[in-house]
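K.L.:
Pasting a predicted model and its sequence here:
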Amino acid sequence: MFDTLTDSFTNAIKKIRFHDDEKALTKALNELKKNLLKADVNHKVTKTLLSRVEILTKENGIGKDQFLDALRVALNELLEIGGNKGFVFAPNPPTTILMTGLQGSGKTTTTGKLATYLKNKQKKVLIVAADLQRLAAVEQLRQITAQIEVELYEDEATKNPVEVVLSALEYAKSKIFDVVLIDTAGRLAIDDALMDELDEVKKVANPDEIFYVADSLTGQDAIRTATTFKEKIGIDGVILSKYDGDSKGGVALGLSSQVQVPLRFIGMGEKMEDLEVFIPERVINRLMGFGDVEGLAEKTANLIDEKDAKRLTKKIQKGKFNFNDFLEQMESMKKMGSMSSIMGMIPGMGGMSKAIKDFDFENSSELKNIKSMVSSMTAKERENPDLLNNSRKQRIAIGCGLTVVEINRMIKQFKNAGKMAKKFSGKNGMKQLQSMMGGAGGPGGMAGLPR
Ligand code: GDP
């Protein structure tokens, strides 16, 4: 996610050195402008962003740190427009959400994805089939809910969505659901009939929030339809679907400020897990090449035992990260499948995420080597990397069929990974990381993790 946009920002950042002049700033800004427009960011949004960056950088004297600070502030102004972020639970359950969108936008799929996201947070979710316009919508929901094991409320006896919603809400209250997601009707285009129906459903549902699902492949049209929905029925959040198919991705950057409704989630594929929460501060870190540690933690939380993760974090902070932990981490990453989206979340690795899009975790020779190296170690060596003197390294090298040079290189990588993890897991992790990255040739220049 955000590969193209992240490239735009990191390329511009590279153009500025520690103490620099106005010419360098102009170069960096031009680079940014060119790339943002290429990524399909709206031209007005681009202009506003650039002029803020220019003013803010000049205010503090031109240099890399000032440029980075200015970018962060300007991006924050662009994305933080107030309103809720991610999913917000109502004080009194069930939290009721109206899912709206045009036909084909991905509304029904997104409803399933959102239910999956909430189910992973241990919430009891009810999906209500109130799209009685599109013939296949109810059947589609039956399949989705069966797959994700979430309850579906449907009523074949009526064609009136208002009736369905009313009885569904009663049912949800009596069965103590945490969240009710109402899949409403879509149309091929915005028309009065659609708006009237939505208005009626809205009145009886009295939802906590209304989400509009916008197809990112329609580019600036997504902004226009979202704005119309906002004006006609009022929306509280936008979910951008099919972002995986949008190689440019610029629409996500301007959406919140253009529609004046926060972008809340992004759909990244057809599978039920392919939904990512859009939290501005995390996105800004990713755009600037600093990764999204919280997002990574959230993604991994469902796959890695929480206790294990805490134990590992403690070890890392104490500097006691050992080879067993290293292997454990690798195994966890393997479970997560799509490497490239994950790499983009790791600080400093954003630039590499594209390069490893086709990374084959199962068959990577590098990871195989690391595994065979660790399995040639004694239990004590695995727990205490400091034991590894030359003769032990030689024994290990023979044991796993590698050279001592290769063993040394992998141990160095392991140590760097441990150091990085330690630095980053501390309180001031982000600051330290930034200064380190500045010294290591800018974002993307981080060394030490397996390649
Ligand atoms: P609806 O008419 O708005 O309910 O649309 P659907 O939920 O049926 O989605 C239309 C098509 O878009 C389906 O083929 C979905 O699988 C596909 N789709 C939805 N979201 C995404 C996404 O984030 N990425 C991709 N690649 N396809 C999506």
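P.N.:
It's in. Numbers count the residues shown, from 1 in each chain.
K.L.:
okay, CA-based contacts and neighbour counts for the rest of this
P.N.:
Noted.
K.L.:
Could you measure from Leu181 over to Pro161?
P.N.:
Note on Leu181: its distance to Pro161, by C-alpha to C-alpha, to the nearest Å, is 14 Å.
K.L.:
my bad, should have said Asp3
P.N.:
41 Å.
K.L.:
do the same with Thr96
P.N.:
When Thr96 is compared with Pro161 (using C-alpha to C-alpha), they lie 15 Å apart.
K.L.:
One more: Arg187?
P.N.:
15 Å.
K.L.:
Now Glu276: which helix or strand?
P.N.:
strand 275-277 (DSSP states H and E).
K.L.:
Touching that strand from outside, list them.
P.N.:
86, 110, 113-114, 117, 264-269 (C-alpha atoms under 8 Å, 6 or more residues apart in numbering).
K.L.:
please redo it, this time with the cut-off set to 7 Å
P.N.:
86, 113, 264-268 (C-alpha atoms under 7 Å, 6 or more residues apart in numbering).
K.L.:
if I pick Ala115, what's in contact with it?
P.N.:
Ala115 touches Val125, counting by C-alpha under 7 Å, 6+ apart.
K.L.:
Now do the contacts for Asn11.
P.N.:
Per C-alpha under 7 Å, 6+ apart, neighbours of Asn11: none.
K.L.:
element containing it, please.
P.N.:
helix 3-14.
K.L.:
in that helix, what's buried?
P.N.:
Across helix 3-14, burial judged by 16 or more other C-alpha atoms under 10 Å covers 3-13.
K.L.:
nearest to the ligand, of the residues you listed?
P.N.:
Asp3 (16.1 Å; C-alpha to the nearest ligand atom).
K.L.:
Specify the local secondary structure of the residue of the stretch 251-400 of the chain found nearest the ligand.
P.N.:
Nearest residue of the stretch 251-400 of the chain to the ligand, counting by C-alpha to the nearest ligand atom: Gly269, 3.3 Å away. Assigned with DSSP: H, G, I helix; E, B strand; the rest coil, Gly269 falls in the coil class.
K.L.:
Check what pLDDT it gets.
P.N.:
At Gly269, the model reports a pLDDT of 92.
K.L.:
Now do the contacts for it.
P.N.:
Counting by C-alpha under 7 Å, 6+ apart, Gly269 has contacts 242, 244.
K.L.:
let's see 8 Å
P.N.:
By C-alpha under 8 Å, 6+ apart, the neighbours of Gly269 are 242-245, 275.
K.L.:
before we move on, what about Ala137?
P.N.:
108, 129, 131.
K.L.:
before we move on, what about Leu402?
P.N.:
Taking C-alpha under 8 Å, 6+ apart, one finds Asn369 in contact with Leu402.
K.L.:
any idea which helix or strand carries it?
P.N.:
Going by DSSP H and E, Leu402 is not in any helix or strand.
K.L.:
Use 652 as the first number for this chain going forward.
P.N.:
That works, and once the first residue is 652, the last one we named lands at Leu1053.
K.L.:
in this structure, what spans have low per-residue confidence?
P.N.:
652, 669, 942-961, 963-964, 967-968, 970, 980-1015, 1071-1102 (pLDDT under 70).
K.L.:
Around the residue lying closest to Ile1058 once chain neighbours are set aside, count how many other residues there are.
P.N.:
In this structure, Ile1058 finds its nearest non-sequential neighbour in Ala1048, 6.5 Å apart by C-alpha to C-alpha, 6 or more residues apart in numbering. Residues near Ala1048, counting by other C-alpha atoms under 10 Å, number 21.
K.L.:
Could you do Val724 as well?
P.N.:
16.
K.L.:
That one: which element?
P.N.:
Per DSSP H and E: helix 715-730 holds Val724.
K.L.:
Okay, buried residues for that helix please.
P.N.:
Buried residues in helix 715-730 (16+ other C-alpha under 10 Å): 715-726, 729-730.
K.L.:
Please could you give me each C-alpha atom of that helix, formatted as CSV?
P.N.:
Output of helix 715-730 as CSV, limited to C-alpha atoms (Å, rounded to 0.1, in the frame of the first residue of the first chain):
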residue,chain,number,x,y,z
LYS,A,715,16.9,17.9,5.9
ASP,A,716,15.4,17.9,9.4
GLN,A,717,13.4,21.0,8.7
PHE,A,718,12.1,19.6,5.5
LEU,A,719,11.1,16.3,7.2
ASP,A,720,9.3,18.2,10.0
ALA,A,721,7.6,20.4,7.4
LEU,A,722,6.4,17.4,5.4
ARG,A,723,5.1,15.8,8.5
VAL,A,724,3.2,18.9,9.6
ALA,A,725,1.8,19.5,6.0
LEU,A,726,0.7,15.8,5.7
ASN,A,727,-0.9,16.0,9.0
GLU,A,728,-2.9,19.1,8.1
LEU,A,729,-4.0,17.3,4.9
LEU,A,730,-5.0,14.0,6.5
